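*Asks:* This is the structure alone, sequence omitted:
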């Protein structure tokens, strides 16, 4: 048994992480967490809930959309989300986002509303409808200033006493970029919001492309059996030529979409600046005319 563990440890030490596919690409994320073995998704979700001390422990779930979409829409990049359901009927939506952060919170609320509306069956009362939970991994913050958090959990609360109004809505936003920044600055998990929790360990593996010290990842793989199994599966998939080609196509789709969005944003900013400049010019001209009229009136 010890020899088997040593062989496993050695294999993790020998992994060339530069050759692995990026788990932040939704196609790869769904391959690992949403298209096969549910143990990885259960472990990740339990880590998310435990991180906010939510008394919910998942023992089993069903993945409702284990297939991978073959086509994307022409005008918008479709999201390869994971839709799962717990034994009590609770629906959990998990999405990986590397783009469109400005609209992400509104998209997540819309996804929740659509799923929540679908869950109510005819002749059933609203009070027995199971909740819908949304988990969004984002490569950046949804907030500004002091409100930025690595893990943000939102519910419907009373504005005065902050008590929970309803458990029907639960949104989790996870800022992967902030996590990576903290890890690289501190040199490892264990401080502040990156305390050595299971969520921090999963996030370290998910964001490993940007984590400088790969020994952190290897140590996690050795210590946590389920994470080690997920990484071993990622190694296997990364070596598969067909999977690798699909991954490259998905990366190209995301890059083209981001470029298109950035170009539209730049054009909108340029038009806004031109409009501001034109407005300022009109205001200056109006001021000059007013001054001339005043001078003529004085004469």
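*Replies:* Looks like it arrived, so ask away. Everything numeric in this text was worked out from a predicted model, so none of it was measured.

*Asks:* count of neighbours near residue 58?
*Replies:* Using other Cβ atoms under 10 Å, residue 58 is surrounded by 18 other residues. Heads up, the C-betas are built off the backbone N, CA and C, glycines and all.

*Asks:* ok, it to residue 94 distance?
*Replies:* 12 Å (Cβ to Cβ, to the nearest Å).

*Asks:* try residue 47
*Replies:* From residue 47 over to residue 94 the distance is 13 Å, taken as Cβ to Cβ.

*Asks:* between these two, which one's more packed in?
*Replies:* Relative neighbour count places residue 94 above the other of residue 47 and residue 94, with 24 against 17, counting by other Cβ under 10 Å.

*Asks:* Who are the packing partners of the host helix or strand of the more buried one?
*Replies:* Assigned by DSSP states H and E, residue 94 falls within strand 91-97. Here strand 91-97 touches helix 26-33, helix 39-51, strand 82-86, helix 104-119, strand 132-138, going by 3 or more Cβ pairs under 8 Å, 6 or more residues apart in numbering; DSSP states H and E.

*Asks:* That strand - which strands sit beside it in the sheet, and in what orientation?
*Replies:* Strand partners for strand 91-97, identified by DSSP bridges, are recorded as strand 82-86 (antiparallel), strand 132-138 (parallel).

*Asks:* ok, which stretches of the stretch 51-200 of the chain are strands?
*Replies:* Counting by DSSP state E, counting those that start in this stretch, the stretch 51-200 of the chain has these strands, from start to end: 61-63, 82-86, 91-97, 132-138, 151-157, 164-175.

*Asks:* Show me the shaky parts of the stretch 1-150 of the chain.
*Replies:* 1-10, 69-79, 100, 119-125, 145-147 (pLDDT under 70).

*Asks:* re the thing from before, anything in contact with each of residue 58 and residue 94?
*Replies:* residue 45 (Cβ atoms under 8 Å, 6 or more residues apart in numbering).

*Asks:* ok so, going back, using a markdown table, please lay out the helices and strands packed on strand 91-97 together with distance to residue 286.
*Replies:* Putting the helices and strands packed on strand 91-97 into a markdown table (distance: least, Cβ to Cβ, whole Å) gives the following:
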| stretch | distance to residue 286 |
| --- | --- |
| helix 26-33 | 52 |
| helix 39-51 | 57 |
| strand 82-86 | 57 |
| helix 104-119 | 39 |
| strand 132-138 | 45 |
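
*Asks:* Nearest to residue 98 among those would be which one?
*Replies:* Of all those, it is helix 26-33 that lies closest to residue 98, at 7.6 Å by Cβ to Cβ.

*Asks:* just checking, what packs against that closest one?
*Replies:* Using 3+ Cβ pairs under 8 Å, 6+ apart, the elements in contact with helix 26-33 are helix 39-51, strand 82-86, strand 91-97, helix 225-238, helix 241-298.

*Asks:* Among the ones you listed, show me which one is buried the most.
*Replies:* Greatest average neighbour count among the helices and strands packed on helix 26-33 goes to strand 91-97 (a mean of 22), per mean count of other Cβ atoms under 10 Å.

*Asks:* which other residues reach it?
*Replies:* Strand 91-97 is contacted from outside by 24-26, 29-30, 33-34, 41, 45, 61, 79-86, 104, 108, 111-112, 115-116, 119, 130-139, using Cβ under 8 Å, 6+ apart.

*Asks:* and with 7 Å instead?
*Replies:* Outside of strand 91-97, the residues within contact range by Cβ atoms under 7 Å, 6 or more residues apart in numbering are 24, 26, 29, 45, 79, 81-86, 104, 111, 115, 119, 130, 132-139.

*Asks:* Can you tell me which of those are buried?
*Replies:* 24, 26, 29, 45, 79, 81-84, 86, 104, 111, 115, 119, 130, 132-139 (16 or more other Cβ atoms under 10 Å).

*Asks:* and of the strands of the stretch 51-200 of the chain, who's closest to residue 197?
*Replies:* The nearest among these, by Cβ to Cβ, is strand 151-157 at 9.7 Å.

*Asks:* what packs against that closest one?
*Replies:* Packed against strand 151-157 by the contact rule (3 or more Cβ pairs under 7 Å, 6 or more residues apart in numbering; DSSP states H and E) you find strand 164-175.
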